[in-house]
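Undergrad: fold the following.
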Amino acid sequence: MSALFIGLLIVGGFGFYLYSFLDDLDIEGDVEEVLDEVMGEELVGEEVETLVYDGSEPVFVTIYAHNEDSWASLIDTEQGYLFYRAGLIERAELLKGYDIEWDWQSDLPVIEAIEENDVFGAPFMDETNGENVLVYIESLGVDIDPHVHTNNLADVAYLMEQLGASPSGVIGGSRYIECGRDHLDFLDFVSWRKMVGIESDGYVYGNVYPDAKWKPTILSGPAMGGHWFDDWTSGVWMPGDEDAFYDHDESNEIIYIGEGYPHDSTIIGSPQASGAEVYASDGSYIQELVEKITNGELATGTTGGDRFMYTASIHIRDIDVVRERGEEKANTVEGLSIVLDELEPLREAGLIEYVTFEQAASIWNNKYGAVPHQVNLEDFSFYEEVEGQARQYCKK
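TA: Next comes the predicted model:
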């Protein structure tokens, strides 16, 4: 028997997934006998469920933007801050016009600038109905997430609260991998939990603000420095730490909403600041994912009734114009409008739905029964280019 795909195996009431092919097995007999030999033990009273490819599941798309801890110099003058503020309002109002709720992630410098500048009586406050810009964009359907690399997530969430916003439990800015050799022969996993600063009680405690206490519940965008080889999986699960990242570990209580391949040159230009090329444009990753689902290339569930949730993200820069060495590479609002218009037929057909990270987690728990599912980038049209440039980078 060749290329026998084993989907969901239930033994004694315990279900687990085997997403692999068993090639060129020299085994005769029915599936039950094959499973006995593969598992190395006799299975009694087993029930084998097969995968369903009915093309009926939508892709849940999150849109997110983030700023960095290095932005202090961009917003340390009133002119610089007001320029940034106007762009943020424009992006939030654009997405409100498309009836899309999304995630805005921030580090300390921008939050501190809002605290310093958005004060009662400032003339520009009329643009936001007298509210600071954080409260204003939240009223437009924006989820407010902390995002850090060197600062403390609880400190950022605390300051957001002081400004009247309700920060989410979404983790922004984490890393999960770096150049090495143990994974794919050129990468090593790192501890994202340690970088987040999660204590044994599940909370993150503040450094700058002693009273700060924040509960992370959702992981977003685990990356590699320079975005050379971020996690580009579609699906949802509870990831383990370090080399157990792709294991579903319910004990950690944190849900990861896979972002697929979120970078799009129409929106952010190419290459990235690190030099990494961007291999999708005009929403092409999401279109390819939808095509694979509707064409029956990707499973949508099992004959036992489980359904698989598919996810993707669109990353937008938290600035109005993306520049590299003074040269304009992309206009964020114009590029985002192009991509959203390109994807609108899929939305109208019910093939994609825009959600926030927290909404995605709720859908996974309530509609999909918290069934873990992963589809990585390997079978997509530009994967070889993505992996190839990351390998080349790690050789340096």
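Undergrad: alpha carbons only for contacts and neighbour counts from here, please
TA: Noted.
Undergrad: okay, now the unreliable bits of the stretch 251-396 of the chain?
TA: For the stretch 251-396 of the chain, applying pLDDT under 70 flags the ranges 324-328.
Undergrad: again, only using 90
TA: Judged against pLDDT under 90, the low-scoring parts of the stretch 251-396 of the chain cover residues 252, 271, 273, 321-329, 379, 396.
Undergrad: and A349, what does it touch?
TA: For A349, the contact set (Cα atoms under 8 Å, 6 or more residues apart in numbering) is empty.
Undergrad: mind checking how far it is from T303?
TA: The spacing between A349 and T303, counted by Cα to Cα, to the nearest Å, is 25 Å.
Undergrad: what are the buried residues along stretch 379-396?
TA: Residues of stretch 379-396 classed as buried under the neighbour-count rule (16 or more other Cα atoms under 10 Å) are V386, E387, Q389, A390, R391.
Undergrad: I figured the third one was touching A276, is that so?
TA: Put plainly, it is Q389. Yes. Counting by Cα atoms under 8 Å, Q389 touches A276, with 7.4 Å between them.
Undergrad: list residues touching both of these two?
TA: W228.
Undergrad: does M125 touch L134 like I think?
TA: No. Contact between M125 and L134 fails when scored by Cα under 8 Å: they sit 11.6 Å apart.
Undergrad: more crowded one of the two?
TA: L134 (25 against 16; other Cα atoms under 10 Å).
Undergrad: my read: D247 touches G240, true?
TA: Yes. With contact defined as Cα under 8 Å, D247 counts as touching G240 (5.7 Å).
Undergrad: who has more neighbours, the two?
TA: The neighbour comparison of D247 against G240 (other Cα under 10 Å) goes to G240, with 19 against 13.
Undergrad: run through the residues that contact that one.
TA: Y246, D247, H248, D249, N252 are the contacts of G240 under Cα under 8 Å, 6+ apart.
Undergrad: let's see that with 7 Å instead.
TA: Residues in contact with G240 (Cα atoms under 7 Å, 6 or more residues apart in numbering) are Y246, D247, H248, D249.
Undergrad: can you pick the most crowded of those?
TA: That'd be H248 among the contacts of G240, by other Cα under 10 Å, with 20 neighbours.
Undergrad: pLDDT score for that residue?
TA: With respect to pLDDT, H248 scores 97.
Undergrad: make residue 1 into 46 and carry on from there
TA: Shifting the count to begin at 46 puts that one at H293.
Undergrad: residues in a beta bridge with it, which ones?
TA: Applying DSSP bridges to H293 gives these bridge partners: P284.
Undergrad: just to revisit the earlier point, got the buried residues of stretch 424-441 as JSON lines, with distance to N112 and secondary structure columns?
TA: Supplementary listing: the buried residues of stretch 424-441 in JSON lines, determined by distance: Cα to Cα, whole Å; DSSP: H, G, I helix; E, B strand; the rest coil:
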{"residue": "V431", "distance to N112": "24", "secondary structure": "helix"}
{"residue": "E432", "distance to N112": "26", "secondary structure": "helix"}
{"residue": "Q434", "distance to N112": "25", "secondary structure": "helix"}
{"residue": "A435", "distance to N112": "24", "secondary structure": "helix"}
{"residue": "R436", "distance to N112": "27", "secondary structure": "helix"}
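Undergrad: save those residues as TSV, and put in distance to V106 too.
TA: Converted to TSV, these look like this (distance: Cα to Cα, whole Å):
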residue	distance to V106
V431	21
E432	24
Q434	26
A435	25
R436	29
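Undergrad: show me this structure divided up by domain.
TA: 49-94, 104-440 (automatic domain parsing).
Undergrad: the longest one: end-to-end distance?
TA: Distance across domain 104-440, first residue to last, is 35 Å (Cα to Cα).
Undergrad: and P103, how far is that from D148?
TA: In terms of Cα to Cα, P103 sits 20 Å off from D148.
Undergrad: what do you get for Y221?
TA: With Cα to Cα as the criterion, Y221 and D148 are 21 Å apart.
Undergrad: for V187, same thing?
TA: According to Cα to Cα, V187 and D148 sit 6 Å apart.
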